[in-house]
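# Give me the fold of what follows.
(one chain, ligands or ions: 1)
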Amino acid sequence: LQSGVERLGEMIAGARVIVPFTGAGISTECGIPDFRSPGGIWTRNRPIPFDEFVASQEARDESWRRRFAMEEVFAAAKPGRGHRALASLYRAGKVPAVITQNIDNLHQASGFAGEHVIELHGNTTYARCIGCGQAYPLDWVRHRFDGDGFAPNCTGCDEPVKTATISFGQIMPDDEMRRATALSQACDLFIAIGSSLVVWPAAGFPMMAKNAGARLVIINREPTEQDDIADLVIHDDIGEALGPFVAN
Ligand code: NAD
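Numbering: from 1, shown residues only. Below is the predicted model of the structure:
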């Protein structure tokens with residue numbers, strides 16, 4: 001009997017344009033917990049919605065305290081086998097770009113050029129003013145927070161500074177949504193990796209690719225709600241499933 005990984009190998013070999021779509025599951029082997037698995041971030045902390053962040057200094061302080069508490073985890077994380085496999089396919093010219101829900105910068109660290117990582121939910125390795133968009137290094141925020149005892153506002157427009165991520169209730173980035181849509185419709189193989197496929201609108205891309213004629217592969221150690229529309233489902237650890245595709 002042919003294994004899922006062998007079947008995936010054939011699909012990859014036969015594909016012209018492969019678009020990977022990644023969620024938090026690709027980074028768990030790098031030490032970054034996901035949201036929904038046992039031990040995931042949400043089993044400990046309720047997410048702070050965007051309107052609460054905007055309205056309350058207390059919410060902003062709490063949000064930044066949580067981010068600083070995660071700093072060692074993010075700073076120490078290195079790309080895993082899944083990231084490296086995708087970077088190998090990118091270098092081989094099979095993958096034009098990766099669409100990701102992740103905010104951890106690990107696709108860039110694995111060798112993708114920044115413009116080829118479509119970050120639907122932003123990036124947590126730097127900060128932005130929510131008013132004018134001015135970018136700030138996290139160290140700047142930390143320094144101000146430690147000095148003043150509360151989360152800082154923008155030095156230019158005095159609006160709050162937030163990690164450069166998309167919170168619940170915050171509008172999705174236009175350009176990223178457009179590019180992710182175009183890629184999903186242009187590929188002939190779409191691989192959804194380590195996403196619970198329940199956070200919308202991001203979770204709409206696998207179906208969009210499928211409707212545009214691509215074959216759909218889902219890799220997740222748990223069943224997802226979209227397994228029944230996939231051409232191949234691999235219920236395994238991502239490192240195990242994608243490890244064979246890491247080029248040396
Ligand atoms: P999620 O936590 O909802 O789902 C992760 C999925 O990956 C789960 O279905 C789980 O079964 C699977 N999984 C976890 N480890 C795996 C492994 N080693 N092998 C195979 N499957 C594995 O995360 P999501 O779907 O990405 O969406 C929720 C939001 O979480 C995203 O918007 C993202 O911004 C945010 N998030 C990002 C990070 C990160 O950047 N690394 C971490 C936590 C949350």
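
# on contacts alone, who are the packing partners of the lengthiest strand in the chain?
Here the longest strand in the chain is taken by residue count, with DSSP state E as the criterion, and it is strand 122-129. Helices and strands touching strand 122-129, as assessed by 3 or more Cβ pairs under 8 Å, 6 or more residues apart in numbering; DSSP states H and E, comprise strand 135-136, helix 138-148, strand 161-165. All C-beta spots, glycine's among them, are computed from the backbone N, C-alpha and C.

# Which residue ranges make up each domain of the protein?
Domain assignment for the chain, taken from automatic domain parsing, gives 1-32+78-121+172-248, 34-76+122-165.

# Let me have these in CSV, extended by mean neighbour count.
Converted to CSV, the domains of the chain look like this (neighbours: other Cβ atoms under 10 Å):
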stretch, mean neighbour count
domain 1-32+78-121+172-248, 19
domain 34-76+122-165, 15
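
# JSON lines for these, including mean pLDDT?
What follows is these, written out as JSON lines (pLDDT from 0 to 100):
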{"stretch": "domain 1-32+78-121+172-248", "mean pLDDT": "97"}
{"stretch": "domain 34-76+122-165", "mean pLDDT": "93"}
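
# could I get the ones you listed as TSV with distance to the ligand?
As requested, those are exported to TSV (distance: least, Cβ to the nearest ligand atom, whole Å):
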stretch	distance to the ligand
domain 1-32+78-121+172-248	2
domain 34-76+122-165	3
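
# who touches the residue most central in space within the chain in this structure?
In the chain, the C-alpha nearest the mean C-alpha coordinate belongs to N102, at 1.5 Å (Cα atoms, centre = their mean). With contacts defined as Cβ atoms under 8 Å, 6 or more residues apart in numbering, the neighbours of N102 are 22-24, 26-27, 119, 121.

# One more: G156?
Contact partners of G156, counting by Cβ under 8 Å, 6+ apart, are 129, 132, 134.

# Many thanks, I have nothing further to ask.
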